[in-house]
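K.L.:
Requesting a structural model of the entry that follows:
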Amino acid sequence: MLKNSECTLYSGGHKGAESFFGEMAEKWGVKEVNFAYPGQTPARNKNVIVLSEEELRRGDISMELASKMMNRSYYQADKIRKVLQTIFHMVNNGHQIFVVGTILADHTVKGGTGWAVELARLFNRPVHVFDQPTGKWYTWQGGTWQVDEPRIEHPTFVGSGTRNLEPAGRNAIEKLFRTAFGS
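P.N.:
Numbers count the residues shown, from 1 in each chain. Model (predicted):
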């Protein structure tokens, strides 16, 4: 079993799922790191690392490639680029990826959160999505989403997701922490 004092949650501290992941990390004594870019103010401001322009460039990706991987177009390229660069740092630091959102028919995840999922797949990291519409956790295995009951099993993990966190999503996040670190 993991020791909470040896674990770190990486996130962005945004309103919704990310803030709630942070609240649960704090409740269970898990270290929390939130990445941001200059000028951004996360909803949760605990242990925020504001990435320099040089650090952001390390997470740079072609917007054309990101659009292709996620089957969508990005029109605010400058803003979304910084978001995607920040997500790179989250996924690059955390070994296991947990996301709350909506799995789409093309197997991507709705919104910018989907980039964390795509990077996790690209980096061959364990990735789990709590799909709010179905109320179930899914794990990416064998090229498809499989219903699962994931556990926090690595000392570094990512918590990301929708800004529109529903009660079922909150319960799913809380259960992850309770199962891993106690009651």
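
K.L.:
Helices along the chain, start to end?
P.N.:
Under the criterion DSSP state H, the chain contains helices at 17-27, 53-58, 63-70, 77-93, 113-122, 167-181.

K.L.:
For this protein, which helix or strand comes out least confident on mean pLDDT?
P.N.:
Every helix and strand in the chain was compared by mean pLDDT, DSSP states H and E; the lowest is helix 63-70, with a mean of 55.

K.L.:
tell me the centre residue of this protein?
P.N.:
Nearest residue to the geometric centre of the chain (C-alpha atoms, centre = their mean): Ser160, 2.6 Å.

K.L.:
mind listing what's buried in stretch 158-167?
P.N.:
Neighbour counts over stretch 158-167 (16 or more other C-beta atoms under 10 Å) mark Val158, Gly159, Ser160, Gly161, Thr162, Leu165, Glu166 as buried. Quick note: C-beta positions are derived from backbone N, CA and C, even for glycine.

K.L.:
Could you do stretch 113-125 as well?
P.N.:
Thr113, Gly114, Trp115, Ala116, Val117, Glu118, Leu119, Ala120, Arg121, Arg125.

K.L.:
What mean pLDDT does that stretch get?
P.N.:
The average pLDDT for stretch 113-125 rounds to 90.

K.L.:
Now do that stretch: distance to the chain's middle.
P.N.:
Counting by C-alpha atoms, centre = their mean, to the nearest Å, stretch 113-125 is centred 9 Å from the centre of its parent chain.

K.L.:
Please spell out which residues along stretch 100-109 are buried.
P.N.:
Val100, Gly101, Thr102, Ile103, Thr108, Val109.
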